[in-house]
Structure formats: structure tokens, C-alpha cells
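*Asks:* Based on what follows, work out the 3D shape:
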Amino acid sequence: MTRIHVPVSLRWSDIDAYGHVNNAEMLRLLEEARIRAFWADDSLGADADAPATAVIAGGPGADTITLIAGQQIEYLAPAPYGRRPLDVQLWIGRLGGASIEICYEVRSPVVDDAEQEVYARASTTLVLFDVATNSPRRLTDAERSTWTEYLEEPIAFRSR
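*Replies:* Okay, here's the model as predicted:
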């Protein structure tokens, strides 16, 4: 099982009146991890800290944009504020023709060998969209090849 680990620090404003990460802010944390994991930042040159999965040239003027077709999140435990970054683990649940399903687990910070608590599980269906043709575009062979290493079972959400 190969996952992408993205440390995401909390801001004080992410915390609600109950003392834990607000449900809407959790989606922002997922977005931050997704951008770091999959967008290449060509404006800064080669980024040694970027994971190998960062192959989508994002940002202003990009040929491809990413659109969210759907999201699902399951909150498992309240995520408290802390100085150490949360460990957001990502993997690919499905590679489609023009879309990918990104799966996440938001976990407590990595501290030595201590067991981590899982605060939330989520998935995002992301569509690659060609700006020039104003339509979805197929995954390239390079994208598919890069992301296949991170392919594992999608999240099985609890039934209602």
C-alpha cells in the first residue's frame, strides 16, 4: 500500500466554538493536501519537496484545470487544534478516462511510533478539463503511469 503523506498545519481560524476543526474547514484541509499532492508548480522551478504525483501543471494560464465532480466525507472523531501538522494520507481509488477518484484519511500528527487517530475519511472525484477545448480531457499515459503506483481500494463509506 503506497500512500502520499501531506502534512497540513491547522490555523486557529479552522477551529469552531466546540474546540475542534469545523466541518467546512475540513474540506479546505483536503483541498490543500490535494493541491500539494497533484499540482506541479512550474512557476518556482523544480520543487524537490513535491511528491512524484505532482504532475498537473496548475495555476493561472494552465492548459488543464481540475474540476470537482463530487465529494464525500465521513467524520469519525473531532480533530483538535495542535501545533503539529495533521497527517493527510491520499491515494487513488479509481483512474477513469478523464477523472480520478482521490481518497483521503485525515489523521492525527505523526509522533514517533504512536498510533494515529483517524479524524475523517473522504473522497473527491476530480475531472481533468482542457481549457482550449472547454471540455474534459483524457488522462495522459504519463499521468496514468505515475498515479498507478498509488492505486488502492477506494473508501467504503458506512451505509446509511
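
*Asks:* Count the neighbours of residue 135 for me.
*Replies:* 10 (other CB atoms under 10 Å). In short, each C-beta sits where N, CA and C put it, glycine included.

*Asks:* Chain neighbours aside, what residue packs nearest to residue 157?
*Replies:* Nearest in space to residue 157, with sequence neighbours left out and distances taken as CB to CB, 6 or more residues apart in numbering, is residue 74 at 5.5 Å.

*Asks:* Where in this protein is the helix or strand with the lowest mean pLDDT?
*Replies:* The least trusted helix or strand in the chain, going by mean pLDDT, DSSP states H and E, turns out to be strand 56-57, with a mean of 83.

*Asks:* Relative to that strand, what are the paired strands and their orientations?
*Replies:* strand 39-40 (parallel) (DSSP bridges).

*Asks:* So what touches the strand it pairs with?
*Replies:* 47, 50, 54-59 (CB atoms under 8 Å, 6 or more residues apart in numbering).

*Asks:* what's the single longest helix in the protein?
*Replies:* Identified as the longest helix of the chain according to DSSP state H is helix 23-38.

*Asks:* Mind giving me the packing neighbours of it?
*Replies:* strand 4-8, strand 64-75, strand 86-95, strand 99-107, strand 118-130 (3 or more CB pairs under 8 Å, 6 or more residues apart in numbering; DSSP states H and E).

*Asks:* measure residue 18 to residue 79 for me?
*Replies:* 11 Å (CB to CB, to the nearest Å).

*Asks:* And for residue 19?
*Replies:* Where residue 79 is concerned, residue 19 sits at a distance of 10 Å (CB to CB).

*Asks:* again with residue 96
*Replies:* Residue 96 is 30 Å from residue 79, by CB to CB.

*Asks:* And these two? Which one has more around it.
*Replies:* residue 79 (24 against 15).

*Asks:* List the contacts of the least confident helix or strand of the chain.
*Replies:* Contacts for strand 56-57 (CB under 8 Å, 6+ apart): 38-40, 42, 62-64, 66, 128, 143.

*Asks:* try it again with 7 Å
*Replies:* Outside strand 56-57, the residues that touch it by CB atoms under 7 Å, 6 or more residues apart in numbering are 38-40, 42, 63-64, 66.

*Asks:* so which of those would you say is closest to residue 148?
*Replies:* residue 38 (14.1 Å; CB to CB).
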